[in-house]
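Trainee: Structure, please.
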Amino acid sequence: MTKTFDSLRAVDHISFSVKRKEVFGIVGPDGAGKTTLIRMLCGLVQPDMGTAAILGLDLLKQGGLIKNEIGYLSQKFSLYSDLTVDENIEFFAELHGVKKYKARREELLEFTRLTKFRKFLAGKLSGGMKQKLALACTLIHKPKIIFLDEPTTGVDPVSRRDFWKILSALHNEGVTIVISTPYMDEAERFNTIAMMNQGKLLICESPAVIKASMKESILEVVTTDLRNTYRLLSENTKYESQLFGDRIDVAVDDPQAGLESIKSLLQKNNIVLKDQRFKNVSLENVFIHVLKSADTASTRAKDDEVNK
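Mentor: As a prediction, the model looks like this:
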């Protein structure tokens, strides 16, 4: 599928498949095309090229039938702030043609732990509770697939954990979940991860396969001057460095030789190595590595075009 807005290609010839009853995650930086992709899959944005099959139905030709089988939770809170929790769920039940919704509403209120807040106005709820209410409204018609666009962005850690407990329960019930997130720790929960950047699909595999794709070892270092250490590693070594708060992850092909080389570089520049350890490759390590590799390849392609 492809979608262009003016001169910006938001989604660029992306193709993948999602297995039934799996948690399929879409990750990528801001502007990668995640929201546009999800909105196309929900039939809210028309692709310029390509189509998709949702539950065996053609997205372009049978969109009306598909909408009865899917649920969509947008990135922005899109419920009615001046309606109560109960009233919002009732509204979405009527919207989806669910006539006998009261038992289902009770089930969802209990499921999302919103029963005691049912008479609260939606606009008065916390961010985490708003997302739980939005999810309850998304589930009122018992969809087989739910599409969630960064549902935990801006939500406090406790609410984020509670939200994932709810999603895990849905997954166990057999609901297929397609979800985008900027959080790599959440990506560990996915059965399959699609990594996007600048509208392109960079990799689409299980977390285990993705982590195994990075052959380098990860050396974590802590020094007395992290910024200068990062600069020195970037300018004076072949190693890829990733700055994470109070530490730097360095990808080295030969662990022992890499450590000795880094020690020597730091010593020459009067920087003290406070701590170091080799650790397992994380999804974040791979994602940054893949992004840098893609940027390098793109730069080389542009240079080749200029030199022709």
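
Trainee: Residue 92: how many residues sit nearby?
Mentor: 23 (other C-beta atoms under 10 Å). For glycine as for every other residue, the C-beta is placed from the backbone atoms N, C-alpha and C.

Trainee: roughly how far apart are it and residue 212?
Mentor: Separation of residue 92 from residue 212 (C-beta to C-beta, to the nearest Å) stands at 42 Å.

Trainee: Same question for residue 239.
Mentor: Applying C-beta to C-beta to residue 239 and residue 212 gives a distance of 20 Å.

Trainee: ends of stretch 195-205, how far apart?
Mentor: 9 Å (C-alpha to C-alpha, to the nearest Å).

Trainee: where's that stretch relative to the chain centroid, distance-wise?
Mentor: For stretch 195-205, the distance from its own C-alpha centre to the chain's C-alpha centre is 11 Å (C-alpha atoms, centre = their mean, to the nearest Å).

Trainee: Residues contacting it, please?
Mentor: 9-16, 26-29, 31-34, 37, 192-194, 210, 213, 287, 290-291, 294 (C-beta atoms under 8 Å, 6 or more residues apart in numbering).

Trainee: Next: stretch 229-236.
Mentor: For stretch 229-236, the external contacting residues (C-beta under 8 Å, 6+ apart) are 221, 223, 239, 241, 243, 248, 250, 262, 265-266, 269, 271.

Trainee: Now the phi/psi pair for residue 273, please.
Mentor: phi -80, psi 110 (degrees, to the nearest 10).

Trainee: ok, now which ones touch it?
Mentor: 221-223, 262-263, 266.

Trainee: Which members of those occur in strands, if any?
Mentor: Judged by DSSP state E, strands contain the following of the contacts of residue 273: 221-223.

Trainee: Filter the contacts of stretch 195-205 down to the buried ones.
Mentor: 9-12, 14, 26-28, 32-34, 37, 192-194, 210, 287, 290-291, 294 (16 or more other C-beta atoms under 10 Å).

Trainee: about what we covered before: now, among the ones in strands among the contacts of residue 273, which is nearest to residue 164?
Mentor: For residue 164, the closest of the ones in strands among the contacts of residue 273 turns out to be residue 222, at 30.2 Å, with distances computed as C-beta to C-beta.

Trainee: That closest one reaches residue 276, doesn't it?
Mentor: Yes - because the distance of 7.3 Å satisfies C-beta atoms under 8 Å, residue 222 is recorded as touching residue 276.

Trainee: Quick check: bridge partners of the spatially most central residue of the chain?
Mentor: With distances taken as C-alpha atoms, centre = their mean, the residue of the chain nearest its centroid is residue 181 (2.3 Å). In this entry, residue 181 is beta-bridged to residue 27, by DSSP bridges.

Trainee: Could you check how far it is from residue 71?
Mentor: The value you get for residue 181 to residue 71, if C-beta to C-beta is used, is 17 Å.

Trainee: One more: residue 225?
Mentor: Using C-beta to C-beta, one obtains 50 Å as the distance from residue 225 to residue 71.

Trainee: For those two, indicate the residue with more neighbours.
Mentor: Each of residue 225 and residue 71 had its neighbours counted (other C-beta under 10 Å), and the higher figure belongs to residue 71 (23 against 14).

Trainee: Quickly find the element holding the more buried one.
Mentor: Residue 71 is located in strand 70-73, with elements delineated by DSSP states H and E.

Trainee: could you give me the average pLDDT of that strand?
Mentor: When pLDDT is averaged over strand 70-73, the result is 95.

Trainee: Equivalent analysis for stretch 107-117, please.
Mentor: When the per-residue pLDDT values of stretch 107-117 are averaged, the result is 94.

Trainee: buried sites along it?
Mentor: Within stretch 107-117, the residues scored as buried using 16+ other C-beta under 10 Å are 108-109, 111-112, 114, 117.

Trainee: can you check stretch 266-279 too?
Mentor: By neighbour count, and taking 16+ other C-beta under 10 Å as the criterion, the buried residues in stretch 266-279 are 266, 271, 273, 276.

Trainee: Check stretch 55-72 too.
Mentor: Using 16+ other C-beta under 10 Å as the test for burial, stretch 55-72 gives 59, 66-67, 70-72.

Trainee: tell me how far the ends of that stretch are from each other?
Mentor: 15 Å.

Trainee: Contacts for it next, please.
Mentor: Contact with stretch 55-72 is made by 38, 40-44, 46-47, 51-54, 96, 138-139, 141, 143-147, 149, as judged by C-beta under 8 Å, 6+ apart.
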